[in-house]
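Colleague: Could you look at this predicted model? Sequence included:
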Amino acid sequence: METTISHAIPYAKRWVALAVICTAQFMVIMDTSIIGVALPAIQKDLGYSASGLQWIFNAYVILLGGLLLLGGKLSDMFGPRKIFMWGFGILTAASLLAGFAWNETSMNIGRALQGAGSALIAPAALTLLMTMFTDPKELGKAFGFWGASAAAGGSAGVFLGGLLTETLSWHWVFYINIPLGLIVLSMSKPYLVEGMKQKGKLDLMSAIIATLSLVLLVYGIVSPRQAVITRVVTILISLLLFTVFVFRQKRSKNPLLPLSIFKAPNLSSGNMIMMLMAGSWIPLWFFLNLYLQQVLQLSAFNSGLALLPMTIVIMILMVGFTGKIVAKFGFKAPLIAGLIFLAGSLIWFAQVDATGSFLTDVLPASILGAIGMSLAYIPGTIASMSGVKPEETGIASGISNTSYQVGSAIGLAVVVAISSLFLTTEPGIEVITESIRVAFISAGVICVAAIVIAIRFIKM
């Protein structure tokens, strides 16, 4: 196996390149949240049924989660810049298709292709970041911008979704990706390094098996309207395929996922923490939106505004402080502290009241959660990739991104299922509030599990 490395990028260009990478991260996360407010308008125009509407979300999530591992391997083989650009080309074209969608099928295909493009972008972007910033202080600062762009993408999706739908039309929640995508593509070749290339053969059959296994796993989790037996069988088939995949990796000379990568310090425990972190953070964001709209009766647009303080705090802390804290104390202490703050936020949210207010029930707890995520997300990402060989950073970033996305799906599905047990056929405000409180408690338990793993298994 042969490895080639491109020339280092001049210092002056690294920070412009970082802006390109952060824009990519912003768009990948934004695309998971921007369509929420637009769903009623899309349903009316395209004739979605109530049960079919979920596939506007699921088509994106399933392809994103299912193809991340393959995206990481392709990044290692062909160079992260090339895969990054392929991903943006797919994402931009898919956004045009989704914006022009004329029926359910065209919309679902557009969303699935958006997920496929994002699955190429995410691991390649993280690999480029770690390739261009090797000094620990610079890397910490770069990670701060990268993490802040993810937080900004999540909240901006809610805000822009409401703004664009109300002032223009739902089509623009997809069209907004087109100019951004074209700008990123035009700046990629001049500013991004080509990156490391690992020559070898791609085990396409293993890639298909791994992708199908992850797709079926996510499908089984995020399809609550399917019969229970159907979901169980789907997940069992997924686990069987995963077993076949592992067996093939042990015997392959050019494995898609070198199992030796798990010998890297913290990789296994770091990825488990990323899953649990996502499994507590995404339900927090999801049920906070429900509390703002269904209990406090805020409009979708005003709910987006209510989430802005969280985004601002995360951006300030990740950009200005988290990198410095990691450089001084390492990643274990900030990771544990951040998870404790996040768990405290969820416990605080579990006290929400049906007659509450934004200032007393939402703002303080949301700020505490933002502090926690600011401290935990970057160290968690570093832990999930620490110790890997330079030529394996693409696959390591694919694993890390997959862990976070799958953790998001599993965590949200579990918390929604638990909270639904407390809903009646026609729930009133008090019943809805009680189910939201249960959801926050359940997410808090998931976060505590992440704290235990971090304390017990993460090594400096």
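Modeller: Cool, the structure landed.
Colleague: now the helices for the stretch 51-200 of the chain?
Modeller: Ranges of helices within the stretch 51-200 of the chain are 55-78, 80-99, 104-132, 136-167, 172-175, 177-191, based on DSSP state H, counting those that start in this stretch.
Colleague: again but with the stretch 201-350 of the chain, I slipped
Modeller: 204-222, 228-251, 267-290, 300-306, 308-317, 323-329, 332-349.
Colleague: what helices or strands is the third one leaning on?
Modeller: For helix 267-290, the contact count by 3 or more C-beta pairs under 8 Å, 6 or more residues apart in numbering; DSSP states H and E identifies helix 332-349, helix 363-385, helix 393-420, helix 429-457 as packing neighbours. Where you see a C-beta, it was placed from the backbone N, CA and C, and this is true even at glycine.
Colleague: give me that answer again for 10 Å
Modeller: helix 11-33, helix 136-167, helix 300-306, helix 308-317, helix 332-349, helix 363-385, helix 393-420, helix 429-457 (3 or more C-beta pairs under 10 Å, 6 or more residues apart in numbering; DSSP states H and E).
Colleague: Give me the distance between the closest residue to residue 210 other than its chain neighbours and residue 115.
Modeller: In this structure, residue 210 finds its nearest non-sequential neighbour in residue 245, 5.0 Å apart by C-beta to C-beta, 6 or more residues apart in numbering. Counting by C-beta to C-beta, to the nearest Å, the gap from residue 245 to residue 115 is 20 Å.
Colleague: Counting neighbours around each, name which of those two comes out higher.
Modeller: residue 115 (27 against 24; other C-beta atoms under 10 Å).
Colleague: Over stretch 31-46, what's the mean pLDDT, rounded is fine.
Modeller: On average, the pLDDT along stretch 31-46 is 76.
Colleague: ok, now stretch 272-282?
Modeller: 90.
Colleague: try stretch 55-65
Modeller: Stretch 55-65 comes out at a mean pLDDT of 77.
Colleague: check contacts around residue 401.
Modeller: 28, 64-65, 68-69, 71-72, 118-119, 121-123, 125-126, 271, 274, 381, 384 (C-beta atoms under 10 Å, 6 or more residues apart in numbering).
Colleague: so where is the stretch 151-300 of the chain shaky, pLDDT-wise?
Modeller: Scanning the stretch 151-300 of the chain for pLDDT under 70 picks out 155, 195-196, 198-200, 222-226, 300.
Colleague: my bad, should have said the stretch 351-460 of the chain
Modeller: Looking at the stretch 351-460 of the chain by pLDDT under 70, you get 390-391, 394, 424-427, 460.
Colleague: run the last query once more with 90
Modeller: Along the stretch 351-460 of the chain, the model assigns pLDDT under 90 to residues 352-361, 374, 377-436, 456-460.
Colleague: Surely residue 332 and residue 456 touch.
Modeller: No: using C-beta atoms under 10 Å, residue 332 is not in contact with residue 456; the gap is 11.1 Å.
Colleague: More neighbours: the two, which one.
Modeller: Counted by other C-beta under 10 Å, residue 332 and residue 456 do not tie: residue 332 has more neighbours, with 18 against 8.
Colleague: so which of the helices and strands packed on helix 267-290 gets nearest residue 92?
Modeller: helix 11-33 (9.7 Å; C-beta to C-beta).
Colleague: Return the alpha-carbon coordinates of the closest one using PDB.
Modeller: Below are the C-alpha coordinates for helix 11-33, written out as PDB (Å, rounded to 0.1, in the frame of the first residue of the first chain):
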ATOM      1  CA  TYR A  11       0.000  29.600   6.300                       C
ATOM      2  CA  ALA A  12      -1.800  32.700   4.900                       C
ATOM      3  CA  LYS A  13      -4.400  30.500   3.200                       C
ATOM      4  CA  ARG A  14      -5.200  28.100   6.100                       C
ATOM      5  CA  TRP A  15      -7.700  30.400   7.700                       C
ATOM      6  CA  VAL A  16      -9.500  31.100   4.400                       C
ATOM      7  CA  ALA A  17      -9.600  27.300   3.900                       C
ATOM      8  CA  LEU A  18     -11.000  27.000   7.400                       C
ATOM      9  CA  ALA A  19     -13.900  29.300   6.400                       C
ATOM     10  CA  VAL A  20     -14.700  27.000   3.500                       C
ATOM     11  CA  ILE A  21     -14.700  24.000   5.800                       C
ATOM     12  CA  CYS A  22     -16.800  25.700   8.400                       C
ATOM     13  CA  THR A  23     -19.300  26.700   5.700                       C
ATOM     14  CA  ALA A  24     -19.500  23.000   4.700                       C
ATOM     15  CA  GLN A  25     -20.200  22.000   8.300                       C
ATOM     16  CA  PHE A  26     -22.800  24.800   8.700                       C
ATOM     17  CA  MET A  27     -24.700  23.500   5.600                       C
ATOM     18  CA  VAL A  28     -24.600  19.800   6.600                       C
ATOM     19  CA  ILE A  29     -26.100  20.600  10.000                       C
ATOM     20  CA  MET A  30     -28.500  23.300   8.700                       C
ATOM     21  CA  ASP A  31     -30.000  20.800   6.200                       C
ATOM     22  CA  THR A  32     -31.200  18.600   9.000                       C
ATOM     23  CA  SER A  33     -33.200  21.400  10.700                       C
END
